[in-house]
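Enquirer: sequence? don't have it. structure:
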């Protein structure tokens, strides 16, 4: 049933997860904002979600934070259920996959909308967008998107100047890390298999990219912007690459980090949160996947913006991400490297 859109709508959007999980709902959130033009939007999310969606739009006026790992989650759920019941929501869009979240809305009179089971070859962000379209009766075709503020651009620019990085040359970013890399348990080992490309490969790729650019007469600067906890990894890659990579370890600031990602003309990354953030900023990418398919877990962006590489297409897919060869990644990168810097309209 198509809903009549009212000017006094108050809407709750629900997505609790890590950075990449939340970025994936931005296409649907944009569709909600465009369809309910006067509505006030509240968001139930995580600390990571707040970082992603803070300042997303001035009509997003309230955030409720939920941490699934806290011991007192029962008390938190009780308070959330009470608050949600007291708010006069007309619609609740729940983009969580676990049915247990529906219990939080038991005291609300809002119309509740959840993603329906659908084609596994469709991106999660697409399913969220279709949920909104089914409610509004419109067929909005939005991509994931994020904004960068001027203060963050200046902060990123200052770091570039400090490290003698010329923003006018072709900037290539490498992101060799991923969440949980430092942990030692079954889940982290599974993540390493799926998202850990060998540091020797990163170094060889950087060096061969540098040599390729020289042959083509293209000025490039290859950078890594990493957390302090990944410093040792970054330093090893720099050394193995014959120092063709500039390692940045600035104080972590998500807004500044977005500005740095947007400054890159090309980013090479495994399936991580920064992959989704960079995609939402319009950055061109070569993204590496193993086990999970880019069709349903990749960035929801225009096809020409990135090239996904799948370990399962390689001769030894059981090796996980390590099955993807340096040559394979290099060939994909060559399609994006030009003398003229890339520009993407958001």
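Expert: Everything's here; your move. The model shown is predicted, which means the values in this text are computed figures rather than measured ones. Residues are numbered from 1 along each chain as shown.

Enquirer: do a quick rundown of the strands in this protein.
Expert: For the chain, the strands defined by DSSP state E occupy 10-14, 40-45, 60-65, 91-94, 111-114, 170-174, 220-225, 245-248, 266-270, 285-289, 306-310.

Enquirer: in the chain, where is pLDDT below threshold?
Expert: Within the chain, the segments meeting pLDDT under 70 span 1-7, 71-72, 117-120, 180-191, 339-346.

Enquirer: can you list the domains in it?
Expert: 10-136, 150-334 (automatic domain parsing).

Enquirer: got CSV for these, with distance to residue 142 too?
Expert: To be clear about C-beta, it is placed using only N, CA and C from the backbone, and glycine gets the same treatment. Shown next, in CSV, are the domains of the chain (distance: least, C-beta to C-beta, whole Å):
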stretch, distance to residue 142
domain 10-136, 4
domain 150-334, 9
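
Enquirer: reformat those as a markdown table; add mean neighbour count.
Expert: A markdown table is the format used below for those (neighbours: other C-beta atoms under 10 Å):
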| stretch | mean neighbour count |
| --- | --- |
| domain 10-136 | 18 |
| domain 150-334 | 19 |
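
Enquirer: got the contact list for residue 323?
Expert: 290, 311, 314-317 (C-beta atoms under 8 Å, 6 or more residues apart in numbering).

Enquirer: next one: residue 15
Expert: By C-beta under 8 Å, 6+ apart, the residues touching residue 15 are 21-22, 25, 43-45, 49, 95-96.

Enquirer: and what of residue 41?
Expert: Going by C-beta under 8 Å, 6+ apart, residue 41 touches 11-13, 29, 32-33, 57, 59-61.

Enquirer: quick check: longest helix in this structure by residues?
Expert: Counting residues, the longest helix in the chain under DSSP state H turns out to be helix 199-216.

Enquirer: about what we covered before: adding distance to residue 152, write the strands of the chain out as JSON lines.
Expert: Below are the strands of the chain laid out as JSON lines (distance: least, C-beta to C-beta, whole Å):
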{"stretch": "strand 10-14", "distance to residue 152": "24"}
{"stretch": "strand 40-45", "distance to residue 152": "21"}
{"stretch": "strand 60-65", "distance to residue 152": "18"}
{"stretch": "strand 91-94", "distance to residue 152": "28"}
{"stretch": "strand 111-114", "distance to residue 152": "33"}
{"stretch": "strand 170-174", "distance to residue 152": "16"}
{"stretch": "strand 220-225", "distance to residue 152": "13"}
{"stretch": "strand 245-248", "distance to residue 152": "15"}
{"stretch": "strand 266-270", "distance to residue 152": "17"}
{"stretch": "strand 285-289", "distance to residue 152": "20"}
{"stretch": "strand 306-310", "distance to residue 152": "23"}
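
Enquirer: of those strands, which is nearest residue 196?
Expert: Across these, residue 196 has its closest neighbour in strand 266-270 (7.4 Å, C-beta to C-beta).

Enquirer: so what secondary structure elements neighbour that closest one?
Expert: When contacts are defined as 3 or more C-beta pairs under 8 Å, 6 or more residues apart in numbering; DSSP states H and E, strand 266-270 packs onto strand 170-174, helix 273-281, strand 285-289, helix 326-334.

Enquirer: for residue 83, find the nearest of the ones you listed.
Expert: helix 273-281 (28.0 Å).

Enquirer: quick one: the closest one to strand 220-225, angle?
Expert: Relative orientation of helix 273-281 versus strand 220-225 (axes from the mean of the first three to the mean of the last three C-alpha atoms, to 10 degrees): 120 degrees.

Enquirer: center of this structure - which residue?
Expert: residue 276 (2.2 Å; C-alpha atoms, centre = their mean).

Enquirer: ok, so of the contacts of residue 15, who is nearest residue 66?
Expert: Closest to residue 66, out of all of these and judged by C-beta to C-beta, is residue 44, at 6.1 Å.

Enquirer: my guess is that closest one contacts residue 67. True?
Expert: No: at 11.7 Å, residue 44 does not count as touching residue 67 under the criterion of C-beta atoms under 8 Å.
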